[in-house]
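> Show me how the following folds:
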Amino acid sequence: MVKAIRINRTGGPEVMEYVDVEVGDPGPGEVRIRHAACGLNFIDIYFRTGLYPQPLPGGLGQEAAGVIEAVGPNVQGFKAGDRVAYAGRPNGAYSEARVMPAALLVRLPDAISFDIAAAAMLQGLTAQYLFRRTFPLHGGETILFHAAAGGVGLIAAQWARSLGVNMIGTVSSDEKGALALAAGCTHVINSKTQNIVERVKEITDGKGVPVVFDSVGKDTFIGSLDCLSPLGTMVSFGSASGPVPPFSLNELVSRGSLYITRPSLPNYISTRTDLDAAAADLFQMIASQKITIDINQRYALKDVAQAHSDLESRKTTGSTILHP
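Sure thing, here's the model as predicted:
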């Protein structure tokens, strides 16, 4: 038996229960992992509240790093004792150990610690696909990135700086603005005291930006469209403030024939080739110190309710990990 977080219903942080579960042996194509560190991400809140449905009772958590304890039949490329990490479904990373498909794992370089891997996989791979594939950046662009002091945002700011991209980051406090600037943002906008659209137009001499990366959702969606230049691209990759409400396609044409996409990490790492390539890119950025993973909060797994509460109330910055 191992300790794990389970939910029997959706709701607030109180629905998460710290319980004993039976892990068992891995089946064909599976491995059993002993977790050293687990990542905390806003998508976990979406599943906990029911915004993203899943069968119940169920687990939470999509990111962790640890050591393979056992390997099932028909697993190639992994063995017991390997250091590994993963990000993405199925849920269940909030646990001391688990059985999961080997196809979702990547081998962890010796230079990358378990804590860094657990903090970097989901958020780092998100920044990787956003900048490399969803809207490839080459340098010289001026972009808008919401929640720039969050886990993805701080990684994105560093990645943008390494590419020679001017990143305008939105934040909710002056303290978070200082973090975003230090990470690599060229400009920051305090959404509590400044008008985002007006500031973007001032910074870009009225032109707007070619792309907006928006993980906030409902509260920023229309404003994000207003920040785009004609033929610009709206990348809506999260719903921290709630889901984007229904809108007319005329909202896009009236602003200059805009493009819009709603990407998700699992679609970008669905094959072994894509997963290995994305992880190698991320690990190289970390190893070369072009990106530093800021783990600003650590909680014991049993204290996950407090971790969720702090994340929802925007008390956290950078990355957060849980220790089983």
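> and the lengthiest strand in the chain, which strands flank it?
For the chain, the strand that runs over the most residues, judged by DSSP state E, is strand 30-40. On the basis of DSSP bridges, the sheet neighbours of strand 30-40 come out as strand 63-71 (antiparallel), strand 97-101 (antiparallel), strand 319-323 (antiparallel).
> Determine how far it lies from the middle of the whole chain.
If you compare the mean C-alpha spot of strand 30-40 with that of the full chain, they lie 17 Å apart, counting by Cα atoms, centre = their mean, to the nearest Å.
> now do stretch 159-175
Centroid separation for stretch 159-175 versus its chain: 16 Å, with Cα atoms, centre = their mean.
> tell me how far the ends of that stretch are from each other?
21 Å (Cα to Cα, to the nearest Å).
> Using neighbour counts, pick out the buried residues of it.
By neighbour count with 16 or more other Cβ atoms under 10 Å, stretch 159-175 contains the buried residues 159-161, 163, 165-172. The C-beta positions use only the backbone N, C-alpha and C, and glycine is treated the same way.
> Same check on stretch 184-199?
So stretch 184-199, judged by 16+ other Cβ under 10 Å, has buried residues 184-191, 196-197, 199.
> As a markdown table, the residues you listed with pLDDT, distance to Arg34 and secondary structure would be great.
Shown next, in a markdown table, are those (pLDDT from 0 to 100; distance: Cβ to Cβ, whole Å; DSSP: H, G, I helix; E, B strand; the rest coil):
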| residue | pLDDT | distance to Arg34 | secondary structure |
| --- | --- | --- | --- |
| Gly184 | 97 | 35 | coil |
| Cys185 | 98 | 38 | coil |
| Thr186 | 98 | 42 | coil |
| His187 | 98 | 44 | strand |
| Val188 | 98 | 40 | strand |
| Ile189 | 98 | 43 | strand |
| Asn190 | 97 | 43 | strand |
| Ser191 | 95 | 41 | coil |
| Ile196 | 98 | 45 | helix |
| Val197 | 98 | 49 | helix |
| Arg199 | 98 | 48 | helix |
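> which among these gets closest to Ile321?
Minimum separation from Ile321 among the buried residues of stretch 184-199 (Cβ to Cβ) is found for Gly184, which lies at 22.1 Å.
> can you tell which of the strands paired with strand 30-40 is closest to Ala178?
Closest of the strands paired with strand 30-40 to Ala178 is strand 319-323, at 17.5 Å (criterion: Cβ to Cβ).
> avg pLDDT for that closest one?
In this model, strand 319-323 carries a mean pLDDT of 94.
> Just the CA atoms from that strand would do, formatted as PDB, please.
This file holds the C-alpha atoms of strand 319-323, laid out as PDB (Å, rounded to 0.1, in the frame of the first residue of the first chain):
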ATOM      1  CA  SER A 319       6.700  26.400 -10.000                       C
ATOM      2  CA  THR A 320       5.300  24.300  -7.200                       C
ATOM      3  CA  ILE A 321       6.100  20.800  -6.300                       C
ATOM      4  CA  LEU A 322       4.700  18.200  -3.900                       C
ATOM      5  CA  HIS A 323       7.000  15.700  -1.900                       C
END
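> returning to that earlier point: dump the strands paired with strand 30-40 to a markdown table, plus mean neighbour count.
Below are these laid out as a markdown table (neighbours: other Cβ atoms under 10 Å):
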| stretch | mean neighbour count |
| --- | --- |
| strand 63-71 | 23 |
| strand 97-101 | 20 |
| strand 319-323 | 24 |
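> how about those strands in CSV, adding distance to Ala149?
As requested, the strands paired with strand 30-40 are exported to CSV (distance: least, Cβ to Cβ, whole Å):
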stretch, distance to Ala149
strand 63-71, 20
strand 97-101, 31
strand 319-323, 11
